[in-house]
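In: got a structure for you, letters missing:
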């Protein structure tokens, strides 16, 4: 049986950067100026049932193998991609793997799963809940967007023979709601800005809530560095950092020239977490249009990344991820929203894999400092979060089979 998730925060080593942008509501409470997710709900998903997972600026999902840490990250990433406009088929390549364990089909041979989240921001908490049918056909069979106890959007599958759902959204004009069909393979919340005119106060409220949810979901970077591939020279011009950090050398070639301040912070982080002296982290071009990464030891010698241990490579890659942003990472930012209103969320599976005690402590300190600024959030999966205990600003969610 799953133990209900718990969250904990403690206060040690407070960092000094500027606090996240906030604004006050008419009632006087403070709301995040940057929309962000504050809860992930896995009502019926894989091994999860009726699970509400709180999310802070830095959240660790902790628990043994089989506890559902990776599946929780995958559910978060799935919601993010749906919020970005992707279709169900693009997001759920194996939808049956998302169906709850031991779930039996109904009389019509239907099985599915339910996921959702809460996004806080200038509009206050906004809830999104989605019911997805996995078989016999992959489709959205129900969606609800609510704010302040008011249902702003609700969809339902009325006719299984049609590839649409019947949608009703709040209008508060001459008619209380507007009804129209929406495709059953896309998130209705992401489609609302294209369908709602915004002529009434009710419609404007719907648009504001939908936009807050979409902005909170967008700009997600799933990350699990693969040291074996980071050791190899890579082609130049690959663009942004991949989730496995395979092309780290090419990205270092770019970032070292583009932002001296951030690069200096990276060098300091690598110096604190890697063995031996580190004067610089650099990349150099090779023949045939490839590039390799090296550590400058400061005494005239250089060490290729292929000579570093797995823990050192994962630590270096994760530090680079935390110190960069959407312009460097392979993410899908909301281009129509000012950067000052967006938050990048890093989803890091196996966050502490291969790291020693010193590397874990240094990476956690860097993550806390970066997350406190408000422009980046981190959700990581670890088997044991005891090493993060006593650190201010860390939310630990314990999951068990």
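Out: Now that the structure is in, tell me what you want to look at. The structure displayed is predicted, hence computed values, not measured ones.
In: So what pairs up with residue 132 in the strands?
Out: residue 113, residue 140 (DSSP bridges).
In: any idea how far it lies from residue 172?
Out: 29 Å (Cβ to Cβ, to the nearest Å). Placement of C-beta: from N, CA and C, glycine included.
In: With neighbour numbers in mind, choose between these two.
Out: Set residue 132 next to residue 172 and count neighbours by other Cβ atoms under 10 Å: residue 132 wins out with 26 against 15.
In: quick one: least confident helix or strand in the protein?
Out: Ranked by mean pLDDT, DSSP states H and E, the weakest helix or strand in the chain is strand 22-24, scoring a mean of 43.
In: For residue 188, which residues are in contact?
Out: Contacts for residue 188 were tallied using Cβ atoms under 8 Å, 6 or more residues apart in numbering; they are 140, 143, 145, 153, 155, 165, 167, 182.
In: Same list (those) but as TSV, adding distance to residue 56 and secondary structure.
Out: Below are those laid out as TSV (distance: Cβ to Cβ, whole Å; DSSP: H, G, I helix; E, B strand; the rest coil):
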residue	distance to residue 56	secondary structure
140	29	strand
143	26	strand
145	23	strand
153	27	strand
155	30	strand
165	33	strand
167	33	strand
182	33	strand
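In: now residue 305: how far from residue 316?
Out: 8 Å.
In: Between these two, which contacts overlap?
Out: Taking Cβ under 8 Å, 6+ apart as the criterion, residue 305 and residue 316 both touch residue 248.
In: These two: who's more crowded?
Out: Higher neighbour count among residue 305 and residue 316: residue 316, with 28 against 23, using other Cβ under 10 Å.
In: Can you give me every residue that contacts the closest residue to residue 202 other than its chain neighbours?
Out: Leaving out its chain neighbours, the residue that sits closest to residue 202 by Cβ to Cβ, 6 or more residues apart in numbering is residue 172, at 2.7 Å. Under the criterion of Cβ under 8 Å, 6+ apart, the neighbours of residue 172 are 200-203, 205.
In: what's the answer for residue 57, then?
Out: 20, 36, 371-372, 374, 377-378, 393, 395.
In: looking at those residues, which has the most residues close by?
Out: residue 378 (27 neighbours).
In: now what about the helix or strand that it is a member of, what contacts it?
Out: Assigned by DSSP states H and E, residue 378 falls within strand 376-382. Residues outside strand 376-382 that contact it (Cβ under 8 Å, 6+ apart) are 36, 55, 57-62, 69-70, 72-73, 76, 322, 325, 343-352, 367, 370-371, 388.
In: Recalculate using a threshold of 6 Å.
Out: Contact with strand 376-382 is made by 57-62, 69, 73, 343-349, 351-352, 367, 370-371, as judged by Cβ atoms under 6 Å, 6 or more residues apart in numbering.
In: Equivalent analysis for stretch 73-88, please.
Out: For stretch 73-88, contacts defined as Cβ under 6 Å, 6+ apart pick out 40, 42, 45, 91, 115, 117, 138, 185-187, 190, 214, 217-218, 220, 222, 332, 347, 349, 381.
In: Could you pull up the mean pLDDT of that stretch?
Out: The pLDDT scores in stretch 73-88 average 96.
In: Buried residues, it. List them.
Out: Buried residues in stretch 73-88, counted by 16 or more other Cβ atoms under 10 Å: 73-84, 86, 88.
In: Which one of those residues is nearest to residue 128?
Out: If you rank those by distance to residue 128 using Cβ to Cβ, residue 79 comes first, at 7.6 Å.
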